[in-house]
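In: I would like to see how this sequence folds:
(chains A and B)
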Amino acid sequence: MKKTLFAALICCAALGAHAADKEVSLVIKNHRFEPAELKVPANERVRLTVHNQDSTPEEFESHALNREKVIPGGAKVVIFIGPLKAGSYAFEGEFNASTARGVVIAE
Amino acid sequence: MFATSLIVFRETLEAALLIGIVAASTKGLSGRSRWLSLGVLVGAVGSLAVAAGMGRISAWADGIGQDLVNVAIIGVALAMLSWHCVWVSTHAKDMVRDAKALGNRVSSNKGSMLALSVAVAMAVLREGAETALFVAGFVSGTPTPVGDVFVSVSLGLAAGSSVGVVLYFGLARIKAQHLFAVTNGLMLLLIGSLASQLGKNLIQSGLVSQGMTPLWSTEAWLSNESALGVFFHALAGYDANPAALQVWLYAASIGLVWWATRYVTQQRDAAVKLPTPVQI
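Out: Below is the predicted model:
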């Protein structure tokens, strides 16, 4: 049962992947996001890759984007965001919220 | 240091509320402490294992491994809580009668207790893994003395757990004949909350591309960053900007449990009230 479910999920992932989502990426370095201002197209789903180049984990969190995901030290994760209405959406690294801050600008 | 405690507190809160509600709903059942402790223990050990393997898990399936694991964990918790909810609703009358007749010890249903134990384990596992990862990173990444880290983490854990304990003792004051109705109502909210989070994970991982747009925004009234927002998120899955899929799943899961409860109750009543053949 579980295997079937997992296989189904993988199939879904494969199906989802072929739709050409616009790709953008962020890097975490010294507990800061680079770039801190990320431009994305409005009204479409975007595939965001976050690469944590620090050795410590971080949590990408944004109430405005309704997303949260842990990124272990050195890891690279994918987060799908949007479709967003034009506007700006703040995000932060919850584990280092004093420095890790950024904003997604949909236009 | 305060920031560390706060993060641990927030991660602990959700699991603590779930355990508080589950503990209240099984008040007076024999062996329930053992079952619930087992759930917490398995969840805690599991969360250390998941935290240790998080680097590898994150890389699975092209960067969405963590979401797949979360979907599985939430799915299991959801199934277990739903099953228990239906079971309790259809046995509530018997349980209340037994509770009155036998004092405080009612023999528990093994399947139902196991389901709750698993649900508790899943709740602890999900929040615990993130907490463990955060703490490990904090210890290795900053020059803060380990003793200080230990104090901050313990404070956060204690604060989070105490909210669950307060909720439990509040619920425990409710009379037996009303208790199941109240805990079942709260459990329905937890079920909705889990279903909503399942939807969020499916969207975030790109597995589902339906219902991605927020249905409404209540950000102006109650932000998820406010203390009340955090509380309602943990208790009832409150999201200020819920994607349509989250709202659908929230409603569907509660509707399904409600329907299943009605169906099982009707079946049982029908079986009890079979018309007796007329003797001529």
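
In: Can you classify the residue nearest the centre of chain A by secondary structure?
Out: In chain A, the C-alpha nearest the mean C-alpha coordinate belongs to A:Ile79, at 3.5 Å (CA atoms, centre = their mean). Following DSSP: H, G, I helix; E, B strand; the rest coil, A:Ile79 is assigned to strand.

In: Surely it and A:Val46 touch.
Out: No: between A:Ile79 and A:Val46 there is no contact under CB atoms under 8 Å: 9.2 Å. Quick note: C-beta positions are derived from backbone N, CA and C, even for glycine.

In: which neighbours do these two share?
Out: Common neighbours of A:Ile79 and A:Val46 (criterion: CB atoms under 8 Å, 6 or more residues apart in numbering or on different chains): none identified.

In: And the next helix or strand past the helix or strand of chain A with the lowest mean pLDDT?
Out: Lowest by mean pLDDT, DSSP states H and E among the helices and strands of chain A is helix A:2-18, with a mean of 55. Once the chain leaves helix A:2-18, the next helix or strand it forms, by DSSP states H and E, is strand A:22-29.

In: low-confidence ranges in the chain?
Out: Since no chain was named, I'll use chain A. A:1-19 (pLDDT under 70).

In: my bad, the chain I had in mind was chain B
Out: Using pLDDT under 70, chain B drops low at B:92-93, B:95-108, B:273-280.

In: nearest residue to the residue nearest to the centre of chain A other than its sequence neighbours?
Out: Closest residue to A:Ile79 apart from its sequence neighbours, by CB to CB, 6 or more residues apart in numbering or on different chains: A:Leu48 at 4.8 Å.

In: The one you found and A:Ile71, how far apart?
Out: 11 Å (CB to CB, to the nearest Å).

In: shared neighbours, these two?
Out: By CB under 8 Å, 6+ apart, no residue touches both A:Leu48 and A:Ile71.

In: would you list every one of the helices in the stretch 151-280 of chain B?
Out: Per DSSP state H, counting those that start in this stretch, the stretch 151-280 of chain B carries helices over the ranges B:176-204, B:227-236, B:244-272.

In: Chain A: which of those is closest?
Out: Nearest of the helices of the stretch 151-280 of chain B to chain A, taken as CB to the nearest CB: helix B:176-204 at 5.6 Å.

In: Please identify the most buried of the helices of the stretch 151-280 of chain B.
Out: Of all the helices of the stretch 151-280 of chain B, helix B:176-204 has the most neighbours on average by mean count of other CB atoms under 10 Å in any protein chain shown, namely a mean of 22.

In: Quick one: list the elements packing against that one.
Out: strand A:76-81, helix B:2-25, helix B:65-101, helix B:146-172, helix B:227-236, helix B:244-272 (3 or more CB pairs under 8 Å, 6 or more residues apart in numbering or on different chains; DSSP states H and E).

In: Pipe the ones you listed into CSV and attach distance to B:Ala115 per row.
Out: Converted to CSV, those look like this (distance: least, CB to CB, whole Å):
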stretch, distance to B:Ala115
strand A:76-81, 32
helix B:2-25, 10
helix B:65-101, 4
helix B:146-172, 19
helix B:227-236, 21
helix B:244-272, 13
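
In: Which among these is found nearest to B:His178?
Out: Nearest to B:His178, of all the helices and strands packed on helix B:176-204, is helix B:65-101, at 9.3 Å by CB to CB.

In: What residues does the residue lying closest to B:Ala15 once chain neighbours are set aside make contact with?
Out: Nearest residue to B:Ala15, sequence neighbours excluded (CB to CB, 6+ apart): B:Ala123, at 4.3 Å. Taking CB under 8 Å, 6+ apart, we find B:Ala123 in contact with B:Glu14, B:Ala15, B:Leu18, B:Ile19, B:Gly43, B:Ala77.

In: name the element B:Ala123 belongs to?
Out: Element membership for B:Ala123, per DSSP H and E: helix B:110-141.

In: hmm, back to that, please identify which of the helices of the stretch 151-280 of chain B is closest to B:Ser37.
Out: Minimum separation from B:Ser37 across the helices of the stretch 151-280 of chain B (CB to CB) falls at helix B:176-204, 18.9 Å.

In: tell me the angle of the closest one relative to helix B:110-141?
Out: Angle of helix B:176-204 versus helix B:110-141, following axes from the mean of the first three to the mean of the last three CA atoms, to 10 degrees, is 50 degrees.

In: And for residue 24, the neighbour number?
Out: With no chain named, the answer covers chain A. 17 (other CB atoms under 10 Å in any protein chain shown).

In: Chain B, not that one
Out: 22.

In: Then the one 5 residues further on?
Out: Other residues near B:Leu29 number 21, with proximity taken as other CB under 10 Å.
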